[in-house]
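**Student:** okay, here's the prediction I keep looking at, along with the sequence it came from:
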Amino acid sequence: MARPFQLSDPKRARQLADAIAILAPPTPIKIVHVCGTHEMAITQHGLRRFLPEKVQVLEGPGCPVCVTPTADIDAAVRIAEAGAIVCTFGDMTRVPGTRLTLEQARSKGGDVRVVLSATDAVKIAQETDREVVFFAVGFETTTPMTAAVLLDDPPANFSVLTSHKKIPEAMGVLLDLPGTNIGGYLAPGHVSTILGLAPYEAHLAKFNIPVVIGGFEPLDILYAVALILRQVRDQVGFVENAFPRAVADEGNPAAQALIETVFESAGVHWRGIGSIPDSGYRLRDDFAELDARRRFDVQGERGDEVIPGCRCADVLTARATPADCPLFGTRCTPLSPIGPCMVGTEGACSIWFRYGGRELP
Amino acid sequence: MTHDLDRISPLHGAGGELMGRLLAEHVLPHFEDDPSQIGLSAMDDGATLARPSSGDLVMTTDSHVVKPIFFPGGDIGTLAAAGTLNDLAVMGARPLALSLAVIIEEDFPIADIDRIVGSFAKTLKDSGARLICGDTKVMGVGELDGIAINTSGIGVADPVVGDAGARPGDAIIVTGTLGDHGMALLAAREEFRLSTELTSDVASIWPMIRSILPVGGIHAMKDPTRGGLAAALNEMARKSNTTMEIEHAKIPIREPVRGLSDLLGISPLVVANEGKAVLVVSPEVADEVLDRLRSHALGRDAAIIGHVDDTRPGRVIVTTAVGGRRFLDMPLGDPVPRIC
């Protein structure tokens, strides 16, 4: 039986590569995506091989684990030390805080558990009298899930430590940072299923830069890159949807409403970038009693982000490739990570270490 | 104190009457001894083995914990026998004898012991090897999750085939589809409860391997169990300081395995196989080896998936389905805990 249309079809991939070669500008161009899943797909399928030397595609602040600031890790560690059960996604337990990782807090007697979703954390809370805190990280893909749990009458011993962030705001700020030199954005497909096109237009229109929403199969990504280069050639810059089979222009209104009901915009800190106004979420006053920061009084945490020699901050702002970092693959590996970009399995350094970046023959 | 006669009690591991009955009724009937040697049924302190007339002795050992204990295509008994027989087979060794040490959790159903030992005996049957010694221990409820099995095996090889002998120019062959065991187990897990047509590939591959050894030119062999093809090839590349170059499009993978793998985001190349081998052979014999493998029921889907060179010593490079290139790295650990 012939297999149906394949989004990894090598012949069509070659055709797109030919189109990309024709559309590519004469001077080098840096395209930035902001999604760990995109980096994973690009590297796992070896797609950089289809791009001309002068077309560079780099991961920016796309790994939620990596951009979570030390201050938030420190807050989670303090909550664990105060005796609460801290639940979070797997990679978060290995990100360095000022003193400890959550994993180290666990080995010192803290109760830190890995969960797959906010719902799992609620289940744990239902089965114990102890305080249970869900350390909520992620972009607009996970924020609605946290909101849904908080709206579903969670038990009294449950609260959340939120570190949710907004991607379009960060994409705008990145363009203003010195040395980023970004020629176009490959916008994240998953986040866009929730957001739709409007938030990108709101934050990026003034920059006149190509923003193309792309899917995650090889042909999706090559197609999106081709559309970005076509905008560059035509000297235009607008938001374009190259992933219409999943992304509606208006996004997912139900999920947007969940977020809107539970959260309000707040300035938050991004590791590597700094504080960005309105780039994250805090709980609305109606949900104040579910806020772990208030319940455990960990408001004013101030973490130290400097890791000597580590270029994670440059990798997260697409100012360096993982291979540009002197620690990459030498002192810093997935087994003994130094910077957060090597800790998060969606971090650019971790992905490049496992699958190879652009170095393969 | 009363005992439920259908279930394992602490006395079953205590060396007394109850243990004797367990062995006599549920273990010994499954096996046959070599009358010229001290074998299993003698229940002596040790067993004896006739000295082989030529070749080197090969010994291996493996412990098995698997969840679920019974899975589509086999159970922990099949796995214990095949695991040890296959470790011997990929050393080029004809299996002679196995041991079977079982640790059982109190209250485990005796009917299940019967089934597991039956599967072990059935898998052993066509290999030419005998079970010659064993041990039974019982642990309290909660001290162990059901049952754990250790098997050791002794075989004889002439010549011995290691896993470090790859040379640039060699062909890389897999004896069949990859990812079946790992993905079948994953699908059978309670937390997923996926109904699929997946079955484990667990089987003794010795009869198939035996048929290719006379061809010669087999430089290295491994069974891609934990860590799958990725772990096996990385180990071979590191030990022989060569580069393993493979093409994803040439790797045989069943459609349902591919589907589940896409769904769960776990590559079929990093999960365990229990009835396959990876072979590195001299290019002159590759076709002959392939023909012989394919003529065997377990090797119908055998394929040449790549070759050995020396561009990146110690690494495995894969040409992806779409035509890109990337490293196939040594998995950090099995993404699926406790499957073999």
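**Tutor:** Alright, I've got the coordinates. Computed from a prediction, not measured in an experiment: that's the story for all the values here. Numbers count the residues shown, from 1 in each chain, chains lettered A, B, ... in the order given.
**Student:** now the strands for the stretch 101-250 of chain B?
**Tutor:** Residue ranges of the strands in the stretch 101-250 of chain B, as given by DSSP state E, counting those that start in this stretch, are B:130-139, B:147-157, B:171-174, B:218-222, B:243-247.
**Student:** can you check chain A too?
**Tutor:** Listed from the start of the chain, chain A has strands (DSSP state E) covering A:29-33, A:55-59, A:85-88, A:111-114, A:132-138, A:158-164, A:184-188, A:211-214, A:239-241, A:263-270, A:274-283.
**Student:** which other helices and strands contact the last one?
**Tutor:** Looking back up the chat, that one is strand A:274-283. Contacting strand A:274-283 under the criterion 3 or more CB pairs under 8 Å, 6 or more residues apart in numbering or on different chains; DSSP states H and E are the following elements: strand A:158-164, helix A:167-176, strand A:263-270. All C-beta atoms are positioned from the backbone trio N, CA, C, and that covers glycine.
**Student:** quick one: which of these is nearest chain B?
**Tutor:** Across the helices and strands packed on strand A:274-283, chain B has its closest neighbour in helix A:167-176 (21.2 Å, CB to the nearest CB).
**Student:** okay, buried residues for that closest one please.
**Tutor:** A:167, A:168, A:169, A:170, A:171, A:172, A:173, A:174, A:175 (16 or more other CB atoms under 10 Å in any protein chain shown).
**Student:** now swap in stretch B:200-214 and tell me
**Tutor:** With burial defined by 16+ other CB under 10 Å, the residues of stretch B:200-214 counted as buried are B:200, B:201, B:202, B:203, B:204, B:205, B:206, B:207, B:208, B:209, B:212, B:213.
**Student:** let me know whether the second one touches residue B:274 as I believe.
**Tutor:** It refers to residue B:201. Yes. With contact defined as CB atoms under 8 Å, residue B:201 and residue B:274 form a contacting pair (5.9 Å).
**Student:** which neighbours do these two share?
**Tutor:** residue B:181 (CB atoms under 8 Å, 6 or more residues apart in numbering or on different chains).
**Student:** hang on, the earlier thing: closest to residue A:6 out of the buried residues of stretch B:200-214?
**Tutor:** residue B:201 (25.4 Å; CB to CB).
**Student:** got phi/psi on the closest one?
**Tutor:** For residue B:201, the backbone dihedrals (degrees, to the nearest 10) come out as phi -90, psi 10.
**Student:** angles on the backbone of the residue in the stretch 1-150 of chain A that chain B sits nearest to, please.
**Tutor:** Distances from the stretch 1-150 of chain A to chain B, computed as CB to the nearest CB, single out residue A:46 as the nearest residue at 2.3 Å. Here is the backbone geometry of residue A:46 (degrees, to the nearest 10): phi 70, psi 40.
**Student:** cool, and residue B:83?
**Tutor:** Main-chain dihedrals, residue B:83, degrees, to the nearest 10: phi -60, psi -50.
**Student:** ok, it to residue B:287 distance?
**Tutor:** 30 Å (CB to CB, to the nearest Å).
**Student:** more neighbours, the two?
**Tutor:** residue B:83 (26 against 12; other CB atoms under 10 Å in any protein chain shown).
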